[in-house]
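Generate coordinates for the sequence data below:
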Amino acid sequence: METLTLNLLDEAVRAGGPASLCERIYLVPAGGASSIVSPAKYTTSGGKPAYIFEYRNVSVEVEGDPTPELKKAVLIDSKNSHANRLEQIITDALKDGKGLLSKMPRIRVTYSVGDAGTKSYFDTQLPHRAFDGHIRVGDHQGEPTTVVDEYREARNATLDDLLPLFTLSPDTVAFGGWDSTRSRNQLRIPSVFNGEIIGILADQSDRDPSIHRAGARVDPVEASVSFANDKKAREAILRDATDLSASAQKSFSSKGKGSTIGLGAIPPSVSDDNLDGVAINNAICTHVLSFSMLRTFRFGKGPEGDEAIRALIAAMILRAMAGYNADPVLRANCYLVESAKPEMTLDMRNGESKDLEPLTPETAEALLQAAYEQAHDKAGIIWEGQTFEVDGNPAVIANSSADEGDN
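I've put the predicted structure just below:
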């Protein structure tokens, strides 16, 4: 089976090349067929948590049936969430200083948080990447970020010349971004990567397969603690417990329940509001890298230079994919393991395809290094850990809270 090389990537980023690369990974619950997994939770219009159930066309590789068939599935990881999984690999590289990803240009926002010192966030962590509000309301070297030439030029980039943005934040170009709060010249970059994980339900009936239950908490001191009839004690606790969230303070002040501040036991319960997981037969993780979309990106470096930058973007995403596959963390109680070797396929057009060896972190790193050297030679791209530093606006911290609510 052929290995993905820089030559193949170069062919893919040229006009008329392969439309996409697809990777499929088949998974099963780590605890075996009798265990359950916890899919992603969403909130209904009524405010209750829920899982997303839908029907998917399941192929022969999963069920052993020569004819693809509609199967009831649950969404375990959405496309937006899964892109963040890959970006976490880049973030870890930036923090650990390992591999070529650690030398990628980045934006870093740093907040002063009083006694806790400082907290920093990369553009790879922020929801809107280079266009995020934390960057826009901050300062760079004493000037508002939005008036700094380097940042302003990046925001003024277009799909006909994305180089200023790529130079500042390659992550935004690779995974997409939308400068949606700007009054005009809103740049919208489509993501060239799409990924998700679905689980094929063990129960294919019309019943709700969600398991509704919540665990207990045991307090070894006393099972029940209440300050409902002790206003003086409530006031003293609220006065001293300055770290309580606003919602905890409000609830404890009015009702005096010890459970509000972590005192006393909580018995196990069964409720529609308590989602514990679902039973699945197997799961499918899909990664798609669209070369067709990537070929719409231009960087003002001429055909060869633009192609070299596109190949670098593709190699960057593939390196993150390989990193995620090697360490596939989702969420608590959602532990999946591979049931077969991952399948990677390159569309060669006209209905033909080429099966490729799955990438490992080592082979993907070598591919990324080769793509970078090519982009450096042909387009002058330099990755030396350049960091666009932003001082977070102190008003953000002063007016923030851990409580979820209207923003």
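
you'd agree T91 is up against S120?
No. Assessed by C-beta atoms under 8 Å, T91 is found out of contact with S120, at 11.0 Å. Every C-beta, even on glycine, is put in place using the N, C-alpha and C of the backbone.

From the neighbour counts alone, determine which of these two ranks first.
Neighbours per residue, other C-beta atoms under 10 Å: of T91 and S120, the larger number sits with T91, 20 against 13.

Can you tell me the closest non-neighbouring residue to that one?
What sits nearest to T91 in space, not counting adjacent residues and going by C-beta to C-beta, 6 or more residues apart in numbering, is T124, at 4.6 Å.

mind checking pLDDT for that neighbour?
As predicted, T124 sits at a pLDDT of 98.

One more: the one 4 residues further on?
H128 is assigned a pLDDT of 96 by the prediction.

quick one, phi psi at it?
Taking degrees, to the nearest 10, you get phi -110, psi 20 for the backbone angles of H128.

Count the neighbours of it for me.
A count of nearby residues for H128, using other C-beta under 10 Å, gives 17.

ok, and the closest non-adjacent residue to it?
Nearest non-adjacent residue to H128, counting by C-beta to C-beta, 6+ apart: G177, 6.4 Å away.

what's around the one you found, how many residues?
Neighbours around G177, by other C-beta under 10 Å: 23.

so it bridges to which residues?
Judged by DSSP bridges, the bridge partners of G177 are I189.

can you tell me which residues contact it?
By C-beta atoms under 8 Å, 6 or more residues apart in numbering, the contact list for G177 reads 128-131, 187-189.

just to confirm, which helix or strand has A311 in it?
Using DSSP states H and E, A311 sits within helix 302-326.

which secondary structure elements does the helix or strand following that helix contact?
For helix 302-326, the following helix or strand on the C-terminal side (DSSP H and E) is strand 336-338. Contact here means 3 or more C-beta pairs under 8 Å, 6 or more residues apart in numbering; DSSP states H and E; on that basis strand 336-338 packs against strand 20-29.

State the separation between the strand it packs on and the centre of the chain it belongs to.
Relative to its parent chain, strand 20-29 has a centroid offset of 17 Å by C-alpha atoms, centre = their mean, to the nearest Å.

Restricting to C-alpha, output it in PDB.
Extracted as PDB, the C-alpha positions of strand 20-29 are listed here (Å, rounded to 0.1, in the frame of the first residue of the first chain):
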ATOM      1  CA  SER A  20     -10.300  15.000  -1.100                       C
ATOM      2  CA  LEU A  21      -8.600  12.600   1.300                       C
ATOM      3  CA  CYS A  22     -10.800  10.600   3.600                       C
ATOM      4  CA  GLU A  23      -9.800   8.600   6.700                       C
ATOM      5  CA  ARG A  24     -12.200   6.200   8.500                       C
ATOM      6  CA  ILE A  25     -11.500   4.700  11.900                       C
ATOM      7  CA  TYR A  26     -13.800   2.000  13.200                       C
ATOM      8  CA  LEU A  27     -14.200   2.000  17.000                       C
ATOM      9  CA  VAL A  28     -15.900   0.000  19.800                       C
ATOM     10  CA  PRO A  29     -16.500   0.800  23.400                       C
END
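
what angle separates that strand from helix 302-326?
With axes from the mean of the first three to the mean of the last three C-alpha atoms, to 10 degrees as the basis, strand 20-29 and helix 302-326 are set at 10 degrees to each other.

so what strands line up beside strand 20-29?
Strand pairing for strand 20-29, determined by DSSP bridges: strand 280-290 (antiparallel), strand 336-338 (antiparallel), strand 343-349 (antiparallel).

Now that strand: average pLDDT?
What strand 20-29 shows for mean pLDDT is 96.

same question, stretch 153-160
Average pLDDT, stretch 153-160: 96.

Same question for that stretch: list its buried residues.
Using 16 or more other C-beta atoms under 10 Å as the burial criterion, the residues of stretch 153-160 that qualify are 154-155, 157.

JSON lines for those residues, including secondary structure and distance to A50?
Output for the buried residues of stretch 153-160, formatted as JSON lines (DSSP: H, G, I helix; E, B strand; the rest coil; distance: C-beta to C-beta, whole Å):
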{"residue": "A154", "secondary structure": "helix", "distance to A50": "39"}
{"residue": "R155", "secondary structure": "helix", "distance to A50": "37"}
{"residue": "A157", "secondary structure": "coil", "distance to A50": "39"}
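
Give me the pLDDT for the residue nearest to H128.
G177 carries a pLDDT value of 95.

Return the distance of it relative to S269.
Look at G177 and S269: by C-beta to C-beta, to the nearest Å, they are 42 Å apart.

Repeat that for Q125.
35 Å.

Likewise for A241?
Going from A241 to S269 by C-beta to C-beta gives 26 Å.

on that earlier part again, going by how many neighbours each has, rank Q125 and S269 and give me the top one.
Comparing Q125 with S269 by other C-beta under 10 Å, the one with more neighbours is Q125, at 19 against 12.

give the contact list for the more buried one.
87, 91.

Same check on the one 5 residues further on?
Under the criterion of C-beta under 8 Å, 6+ apart, the neighbours of A130 are 107, 123, 154-155, 165, 168-169, 171-172, 177.

Go again with 6 Å.
Applying C-beta atoms under 6 Å, 6 or more residues apart in numbering to A130 gives the contacts 123, 169, 172.

Ramachandran angles for the residue nearest to the second one when sequence neighbours are not counted?
The one in question is S169. Using C-beta to C-beta, 6+ apart and skipping the chain neighbours, the partner closest in space to S169 is A130 (3.9 Å). Main-chain torsions, A130, degrees, to the nearest 10: phi -60, psi -20.

Could you report the distance from A130 to V390?
11 Å.

which one of the buried residues of stretch 153-160 is nearest A233?
A233 lies nearest to R155 out of the buried residues of stretch 153-160, by C-beta to C-beta, at 54.2 Å.

Look at the residue lying closest to that closest one once chain neighbours are set aside and say how many residues are nearby.
With C-beta to C-beta, 6+ apart as the criterion, R155 has its nearest non-adjacent residue at 5.9 Å, and that residue is D179. D179 has 22 neighbours, counted by other C-beta under 10 Å.
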